[in-house]
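Visitor: Structure, please.
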Amino acid sequence: MVWIFPLPGWGAVPYVIASTVIHWGYYFLLNVAYRLGDLSMIYPITRGLSPVLIALGAQFWVGETLPPLAWAGVFIVSAGVLILTKGIVRGGMSRTGVIAAMGVAVIVASYSLVDGIGVRQSHSTLGYIGWLYVSELAVALFVFATRWQRLRQMSLQSCALGYFGGLVSGAAYGLVLYANTLAPLGVVSAVRETSVIFAAMIGVMWFGEGPKRRRLLSAVIVATGIICIGISS
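Guide: Here you go, the predicted model:
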């Protein structure tokens with residue numbers, strides 16, 4: 001991509017650097033959250049809270065104001081997360097995992113806002129995406145340099161799954177960045193995070209996580225709130 005498409009403008013360079021640094025924290029906390037909690041609980045928390053934070057951040061930083069229906073969506077998302085996290089304090093789930101998941105939500109909102117503004121100022125959307133991924137090679141180099149023995153102990157299947165997940169994740173986020181140049185940040189984030197319903201279904205039906213009813217109900221409520229934010233924007 002960096003060979004094919006024009007270079008982004010110099011004004012986008014600080015955003016590429018900031019996004020790379022923020023993503024380091026994202027990878028670390030996400031790893032911690034998934035180790036300590038179930039997919040069907042961690043994913044709705046991390047992805048359900050981030051559209052609310054992005055919508056608020058875009059309102060104060062970019063000036064994208066929210067209509068009343070969007071604020072209703074904010075409260076619906078919050079209600080869904082509260083239902084999902086019921087009983088956590090009493091031992092239903094690791095507190096550290098919940099804190100890490102909430103931290104991931106803040107980080108997701110942070111890099112989404114940074115990249116959403118950066119890609120708009122780049123004057124080369126695909127060039128910005130390409131250089132952002134080049135800069136994140138530093139993360140891979142750091143992992144190889146500090147955890148090479150652990151990496152060698154991983155099975156080929158695990159490495160293949162990780163590589164495939166990286167390709168899919170990279171393609172997905174590239175599409176998100178491109179969409180940010182065509183629509184408000186809150187709208188793009190809201191549509192993107194409807195994936196919480198799929199994560200909950202995968203966690204419950206594939207991984208056998210439970211209790212099923214509350215997790216699926218929470219995911220539906222969170223997704224409904226996100227859709228309200230998207231429709232109203």
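Visitor: so residue 81 is in which element?
Guide: Assigned by DSSP states H and E, residue 81 falls within helix 68-84.
Visitor: so what does that helix touch, helix or strand wise?
Guide: Helices and strands touching helix 68-84, by 3 or more Cβ pairs under 8 Å, 6 or more residues apart in numbering; DSSP states H and E, are helix 39-61, helix 212-232. Placement of C-beta: from N, CA and C, glycine included.
Visitor: any idea how far residue 125 is from residue 81?
Guide: 32 Å (Cβ to Cβ, to the nearest Å).
Visitor: Would you confirm that residue 75 contacts residue 222?
Guide: No: with contact defined as Cβ atoms under 8 Å, residue 75 does not count as touching residue 222 (11.6 Å).
Visitor: more crowded one of those two?
Guide: Between residue 75 and residue 222, counting by other Cβ atoms under 10 Å, residue 222 is the more crowded of the two (31 against 12).
Visitor: Give me the buried positions along the lowest-mean-pLDDT helix or strand in the chain.
Guide: None of the helices or strands of the chain scores lower by mean pLDDT, DSSP states H and E than helix 196-205, at a mean of 77. Buried residues in helix 196-205, counted by 16 or more other Cβ atoms under 10 Å: 196-197, 199-200, 203-204.
Visitor: Which one of residue 125 and residue 81 is surrounded by more residues?
Guide: residue 81 (23 against 20).
Visitor: Number of residues surrounding the nearest residue to that one once chain neighbours are set aside?
Guide: Nearest non-adjacent residue to residue 81, counting by Cβ to Cβ, 6 or more residues apart in numbering: residue 48, 5.4 Å away. By the criterion of other Cβ under 10 Å, residue 48 has 27 neighbours.
Visitor: quick check, distance from stretch 70-79 to the centre of its chain.
Guide: 18 Å (Cα atoms, centre = their mean, to the nearest Å).
Visitor: List the buried residues in that stretch.
Guide: Of the residues in stretch 70-79, those buried (16+ other Cβ under 10 Å) are 70, 73-74, 76-78.
Visitor: nearest to residue 218, of these?
Guide: Nearest to residue 218 out of the buried residues of stretch 70-79 is residue 77 (Cβ to Cβ; 10.3 Å).
Visitor: Report pLDDT for the closest one.
Guide: On pLDDT, residue 77 comes in at 81.
Visitor: what residues are up against the closest residue to it other than its chain neighbours?
Guide: What sits nearest to residue 77 in space, not counting adjacent residues and going by Cβ to Cβ, 6+ apart, is residue 225, at 3.5 Å. Applying Cβ atoms under 8 Å, 6 or more residues apart in numbering, one finds that residue 225 lies in contact with 48, 72-80.
Visitor: distance of residue 231 from residue 79?
Guide: Counting by Cβ to Cβ, the gap from residue 231 to residue 79 is 18 Å.
Visitor: Settle this for me: residue 207 is touching residue 41, isn't it.
Guide: No: the pair residue 207 / residue 41 is not scored as a contact, 11.2 Å apart, by Cβ under 8 Å.
Visitor: Quick check, residue 134 in contact with residue 8.
Guide: No: at 11.4 Å, residue 134 does not count as touching residue 8 under the criterion of Cβ under 8 Å.
Visitor: okay, these two: which has more neighbours?
Guide: Neighbour comparison, residue 134 and residue 8: the larger count goes to residue 8, with 25 against 13 (by other Cβ under 10 Å).
Visitor: Show me the residue sitting in the middle of the chain in space.
Guide: residue 108 (4.7 Å; Cα atoms, centre = their mean).
Visitor: Let's verify it: helix, strand, or coil?
Guide: The three-state label given to residue 108 by DSSP: H, G, I helix; E, B strand; the rest coil is helix.
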